[in-house]
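Colleague: below are the sequence and a predicted model for it; my questions follow.
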Amino acid sequence: MLVLGIETSCDETGVALYDTCQGLLGHTLYSQVDMHREYGGVVPELASRDHIRRILPLIRQLFRQSDTSLESVDAIACTQGPGLAGALLTGASFSSALAFARNIPVLNIHHLEGHLLSPLLSDPAPDFPFVALLVSGGHTQLMRVDGIGQYRLLGETVDDAAGEAFDKTAKLLDLDYPGGKLLAELATPGRAGRFKLPRPMLNSNDLNFSFSGLKTAAALLIGKHEMNSQTRADIAFAFEDAVTDVLVKKSVTALNITGLQQLVVAGGVGANSRLRQKLLHHLSGTDITVFFPALEFCTDNGAMIALAGALRLQQLDEHPRAGGSFTVKARWNLEDL
């Protein structure tokens, strides 16, 4: 069966086609980063309007590139939440109208489920069960995944997400928006050992995270020193080193507690090269395998939503009803699925 995936939860418009027999047929993505950069962050109203402008041209482009047509689509999968309410409504209303016109079903997908399953788009792909580290600008969670829809929260951030801390610290270092990737680039020539930042909750007796205090410590460090290119790089290095140390330690602890031997890393911060290097180094020589999505699937994208929809569709005992009414969930716990 062929599933059209539509992702509009924040500032990327993504569409994709996933076939349950042939796999991913194609995907297209438009990022609004340039538009939001002058405001220093995502403006929800502008994001919604841009999704409206982009979604139909992207779908037409997708059908041309994959040499398919709308008539071949058996179901539509769209992101129902969590995310920006207006942005979500754009994708949900479009999906519902298109499905109603074609008399095909709509599959409502949790945004984080899409990220969590995104490594299944790569080869090799993990098998169930596994531990998943979901780490992005909006979320930092450790989950036990036993199958499609079988998710148990092991730990999460009690304040800022890791990606949010990256972006806010990047702003303190006068980096452009979005700052997380730029901070990682700035950290490359940074010197280890010059500055030492705290590792919040590193030795706590749980799998929760905290990054708000680390961001504050970075702000205090920046305020104490006269900024030049090397000092900025050294502070960026110290910050990235602290965040990745915590993520690695908590992930390894989760693997030890669960006894599982597969770790999936997903979300935007999953593209961070230092995090990837540390995890691979720490787990080398063990029986544990780490799976990362391809870099193009670390950001929000339609491919992960199409995949999640296809997997959900295969699990249903009976064919779902055609699209019609719709709703969105700006806040939505993954465990509530």
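Modeller: Perfect, I can see it now.

Colleague: all helices for this structure, in order.
Modeller: 33-37, 44-66, 85-102, 111-117, 162-172, 179-187, 212-224, 229-258, 273-283, 302-315 (DSSP state H).

Colleague: let's have those helices in TSV, adding distance to Arg152 and mean pLDDT.
Modeller: Every residue, glycine included, has its C-beta placed from N, CA and C. Listed next are the helices of the chain as TSV, based on distance: least, C-beta to C-beta, whole Å; pLDDT from 0 to 100:
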stretch	distance to Arg152	mean pLDDT
helix 33-37	34	93
helix 44-66	31	97
helix 85-102	25	96
helix 111-117	12	95
helix 162-172	21	95
helix 179-187	28	95
helix 212-224	25	95
helix 229-258	9	97
helix 273-283	21	96
helix 302-315	18	96
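
Colleague: adding mean neighbour count and distance to Gly138 as columns, could you present those in a markdown table?
Modeller: Conversion of the helices of the chain to a markdown table gives the following (neighbours: other C-beta atoms under 10 Å; distance: least, C-beta to C-beta, whole Å):
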| stretch | mean neighbour count | distance to Gly138 |
| --- | --- | --- |
| helix 33-37 | 13 | 15 |
| helix 44-66 | 17 | 13 |
| helix 85-102 | 21 | 13 |
| helix 111-117 | 27 | 9 |
| helix 162-172 | 24 | 7 |
| helix 179-187 | 21 | 12 |
| helix 212-224 | 16 | 15 |
| helix 229-258 | 20 | 15 |
| helix 273-283 | 16 | 17 |
| helix 302-315 | 26 | 15 |
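
Colleague: can you tell me which of the ones you listed is nearest to Asp123?
Modeller: helix 302-315 (13.3 Å; C-beta to C-beta).

Colleague: using PDB, list the CA coordinates for that closest one.
Modeller: What follows is helix 302-315, C-alpha atoms only, in PDB (Å, rounded to 0.1, in the frame of the first residue of the first chain):
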ATOM      1  CA  GLY A 302       7.700  13.800   5.700                       C
ATOM      2  CA  ALA A 303       9.500  10.500   5.200                       C
ATOM      3  CA  MET A 304       9.300   9.600   8.900                       C
ATOM      4  CA  ILE A 305       5.600  10.400   9.000                       C
ATOM      5  CA  ALA A 306       4.900   8.400   5.900                       C
ATOM      6  CA  LEU A 307       6.800   5.400   7.400                       C
ATOM      7  CA  ALA A 308       5.000   5.600  10.700                       C
ATOM      8  CA  GLY A 309       1.700   5.800   8.800                       C
ATOM      9  CA  ALA A 310       2.500   2.800   6.700                       C
ATOM     10  CA  LEU A 311       3.600   0.700   9.800                       C
ATOM     11  CA  ARG A 312       0.400   1.800  11.600                       C
ATOM     12  CA  LEU A 313      -1.700   0.800   8.500                       C
ATOM     13  CA  GLN A 314      -0.200  -2.600   8.400                       C
ATOM     14  CA  GLN A 315      -1.200  -3.200  12.000                       C
END
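
Colleague: identify the residues contacting that helix?
Modeller: The set of residues external to helix 302-315 that reach it, using C-beta atoms under 8 Å, 6 or more residues apart in numbering, is 1, 3-7, 14-20, 24, 27-29, 74-79, 107, 109-111, 113-115, 117-118, 120-121, 148-149, 293, 297, 320.

Colleague: please verify my assumption that Gln80 contacts Ala330.
Modeller: No - using C-beta atoms under 8 Å as the test, Gln80 is too far from Ala330 to be in contact (9.9 Å).

Colleague: and for the two, which residues touch both?
Modeller: Common contacts of Gln80 and Ala330, defined by C-beta under 8 Å, 6+ apart, comprise Leu88.
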